[in-house]
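Sharing a model prediction with you, sequence too.
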Amino acid sequence: MKVIPGPRNKNIKRLNEIYKVLKKNDFGHLIEKNTFLVRFPFLRNSDEEDLEEFTDDSVPIRVRRVFEELGPAFIKFGQMLSTRPDLVGIDIADELKKLRDNTPVTPFDEMKEVMETELDAPLDSIFSSINENPIGSASIGQVYRATLKENDEEVAVKVLKPNSREIIESDIQIMKFLANRMDKYISRTRTLNLPVMVSEFEKSIFKEIDFLEEMRNIQTLANNFKTVNYIKIPKVYPDYCTSQVLTMELVYGIELSDLIERDYPEIDKKRIADYGLKSYFKQLMIDGFFHADPHPGNIIITEDQKLCYIDMGMMGILNDEFRENLAELILIIISGNTASIIKQLVYMGIISPEQNTDQLKMDVDELMNKYYGANMTNMDGAMKDLLNAMVKNNVVLPREFVMIGRGIALIEDTGKKLDPEFNATFELKKLSSNIIRNKLKPEKVILDSANYLLQLEHLAKDLPELLTSTIQKFEDGEVEIKLNEISELTNQISVALIIASLIIGSSLALFANAGPKIFDIPALGLIGFVFSAFLGIILVMEYMVER
């Protein structure tokens, strides 16, 4: 096979290496019959022979091997895809979860050169001792045990392997080339938006290999858990941290995965399961800053039986609005109302109205019947199965939502292995209910109303230009409207204007701080907000029913 270099392909040697790995794993003939890299074998939709190859039971295994053999960037990409069954299918996603770093350990002399260059000092001037045998090794970095010279504290030093960034940059350029070619020539892959997927991966992995980013994540998580006595977050030493070196407290203990597999009579497994549940749901529902991969290998049980999260290169972030909507979704799932679940998913933008099909409703309804009967007492995989039901119906899910579903599934699975009576539903329901109650507190309503006022102000400023543009489109024949919809539209606009006026008037009454008060809040303003909220709920419910 001949590869012709072009302006978007500067690393012909690497491209040939990729071809050899594909050929070794029985994907080569799919490429040899076509111009190299014009079609990608994993997702191709061509002739009968190719389809038979794609449906072979061994395909997920061979796909995993391809990623493992192609090195750090592809391993990380495969690990990301393992969390996206909505993109690659459940079978391949499950197999990619088994991805392992087979990269050999880099000699200490090479790692020492990175450390001394980054820290701008000889190692013996910083550490009184450092063990040359790494206590951990992965595709992009190695971790060493050392003792700081300034205070005799034991630390773990995480070091990026030499040339890792350059290798990853080169591979990402190749991934972009592959994604663009696939998007151009293979219609079946266009719905996946592969160029955007690779672009997101690029941002993700460069965050992960920036150890200053991980240092900040550790500091944020430590601050969020500073009042929680059963969680241990390693201390970091910013003076000895750079983009390629991370120095943090050395935490002694056992991995949670080891606790699951072996018996430790001195450790209360039931309590550890409870700690894991509460700490993860706090991250998810309260802080909006959560560990992206809380599997048992990333959690250590310390000698005093605290939970310590490690490997915080990637974290998920949720804003207040999403957490409130997620809380509502969880309460709806616990109630088992299929119609309400679908409506909430549409409202959150997780599925589009077009994806709200009868088949999806049937699948979710079947799921609800499986878990609930009359009432649900345990989540026990419900979130994971809900994700799979949407995957089955070709719903491409938001990344953060997939992370949430996977995280909850991991916590549930781990909890069950530690405690057969483990039940996540109670804690989820309690936290979700608290979030909804906080959402309806008068002070929260007042704060939200102030934000609405600013939005209305911006809308008022933009309204003349918007009206002019709309009128111009009517005149140019670019806008069509059905006559029987005008009355309904007019009614909805009228109600919306009334609600907006009530919000503005109520806000002015609150700011005036005059007249009788309820809970130390001006009664007129509070009543106006309550009435506005009531009308708003009715309007939203009518809209959702009509949709």
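It's in.

worst-scoring helix or strand of the protein, pLDDT-wise?
Lowest by mean pLDDT, DSSP states H and E among the helices and strands of the chain is helix 48-55, with a mean of 42.

Next SSE downstream of it?
Next helix or strand after helix 48-55 toward the C-terminus (DSSP states H and E): helix 59-70.

What is the subsequent helix or strand relative to that following helix?
Past helix 59-70, the next helix or strand by DSSP H and E is helix 72-81.

Now that next one - C-alpha only, PDB.
Extracted in PDB, the C-alpha atoms of helix 72-81 (Å, rounded to 0.1, in the frame of the first residue of the first chain):
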ATOM      1  CA  PRO A  72      -0.700   6.900  25.000                       C
ATOM      2  CA  ALA A  73      -2.900   9.200  23.000                       C
ATOM      3  CA  PHE A  74      -5.000   6.400  21.500                       C
ATOM      4  CA  ILE A  75      -5.200   4.600  24.800                       C
ATOM      5  CA  LYS A  76      -6.600   7.800  26.400                       C
ATOM      6  CA  PHE A  77      -8.900   8.200  23.500                       C
ATOM      7  CA  GLY A  78     -10.100   4.700  23.900                       C
ATOM      8  CA  GLN A  79     -10.700   5.200  27.600                       C
ATOM      9  CA  MET A  80     -12.800   8.300  26.700                       C
ATOM     10  CA  LEU A  81     -14.800   6.300  24.200                       C
END
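
helices and strands around that helix, which ones?
helix 59-70, helix 90-96, helix 164-185, helix 194-208 (3 or more Cβ pairs under 8 Å, 6 or more residues apart in numbering; DSSP states H and E). Where C-beta positions appear, they are placed from N, C-alpha and C, glycine not excepted.

Mean neighbour count, distance to residue 112 and mean pLDDT for those helices - can I get that in JSON lines?
Conversion of the helices and strands packed on helix 72-81 to JSON lines gives the following (neighbours: other Cβ atoms under 10 Å; distance: least, Cβ to Cβ, whole Å; pLDDT from 0 to 100):
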{"stretch": "helix 59-70", "mean neighbour count": "19", "distance to residue 112": "28", "mean pLDDT": "85"}
{"stretch": "helix 90-96", "mean neighbour count": "19", "distance to residue 112": "34", "mean pLDDT": "83"}
{"stretch": "helix 164-185", "mean neighbour count": "18", "distance to residue 112": "16", "mean pLDDT": "81"}
{"stretch": "helix 194-208", "mean neighbour count": "17", "distance to residue 112": "23", "mean pLDDT": "83"}
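
can I get the ones you listed in TSV with distance to residue 247?
Below are the helices and strands packed on helix 72-81 laid out as TSV (distance: least, Cβ to Cβ, whole Å):
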stretch	distance to residue 247
helix 59-70	30
helix 90-96	32
helix 164-185	18
helix 194-208	18
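
Of those helices, which is nearest residue 277?
The minimum distance between residue 277 and the helices and strands packed on helix 72-81 falls on helix 90-96, with 23.9 Å, by Cβ to Cβ.

Let's verify residue 128: helix, strand, or coil?
At residue 128 the chain is in strand, as set by DSSP: H, G, I helix; E, B strand; the rest coil.

and of the helices and strands packed on helix 72-81, who's closest to residue 385?
That would be, of the helices and strands packed on helix 72-81 and by Cβ to Cβ, helix 90-96, which comes in at 11.0 Å.

can you list contacts of that closest one?
Contacts of helix 90-96 from elsewhere in the structure, counted by Cβ atoms under 8 Å, 6 or more residues apart in numbering, are 42, 59-61, 63-64, 67, 78-79, 81-85, 88, 388, 391.

Which elements pack onto whatever helix or strand comes next after that helix?
Reading on from helix 90-96 to the C-terminus, the next helix or strand found by DSSP H and E is helix 108-119. Secondary-structure packing of helix 108-119 (3+ Cβ pairs under 8 Å, 6+ apart): strand 154-160, strand 245-249.

could you give the angle of the first one to helix 108-119?
Right, strand 154-160. Counting by axes from the mean of the first three to the mean of the last three Cα atoms, to 10 degrees, strand 154-160 lies at 90 degrees to helix 108-119.

Pairing partners for strand 154-160, with directions?
Here strand 154-160 has these sheet partners by DSSP bridges: strand 141-148 (antiparallel), strand 245-249 (antiparallel).

Between the helices and strands packed on helix 72-81, which one is closest to residue 382.
Closest among the helices and strands packed on helix 72-81, once you apply Cβ to Cβ, is helix 90-96, at 16.3 Å.

Would you map the helices across the stretch 251-400 of the chain?
Secondary structure of the stretch 251-400 of the chain (DSSP state H, counting those that start in this stretch): helices located at 256-261, 269-281, 320-335, 338-347, 358-371, 382-392, 399-418.

okay, those in a markdown table with distance to residue 71 next?
Shown next, in a markdown table, are those (distance: least, Cβ to Cβ, whole Å):
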| stretch | distance to residue 71 |
| --- | --- |
| helix 256-261 | 25 |
| helix 269-281 | 32 |
| helix 320-335 | 35 |
| helix 338-347 | 38 |
| helix 358-371 | 38 |
| helix 382-392 | 28 |
| helix 399-418 | 24 |
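
The ones you listed into a markdown table, with extra columns for mean neighbour count?
Below are these laid out as a markdown table (neighbours: other Cβ atoms under 10 Å):
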| stretch | mean neighbour count |
| --- | --- |
| helix 256-261 | 16 |
| helix 269-281 | 20 |
| helix 320-335 | 19 |
| helix 338-347 | 18 |
| helix 358-371 | 15 |
| helix 382-392 | 20 |
| helix 399-418 | 21 |
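
how about the ones you listed in JSON lines, adding mean pLDDT and distance to residue 433?
Shown next, in JSON lines, are the helices of the stretch 251-400 of the chain (pLDDT from 0 to 100; distance: least, Cβ to Cβ, whole Å):
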{"stretch": "helix 256-261", "mean pLDDT": "92", "distance to residue 433": "28"}
{"stretch": "helix 269-281", "mean pLDDT": "92", "distance to residue 433": "13"}
{"stretch": "helix 320-335", "mean pLDDT": "83", "distance to residue 433": "7"}
{"stretch": "helix 338-347", "mean pLDDT": "86", "distance to residue 433": "16"}
{"stretch": "helix 358-371", "mean pLDDT": "82", "distance to residue 433": "20"}
{"stretch": "helix 382-392", "mean pLDDT": "80", "distance to residue 433": "18"}
{"stretch": "helix 399-418", "mean pLDDT": "86", "distance to residue 433": "17"}
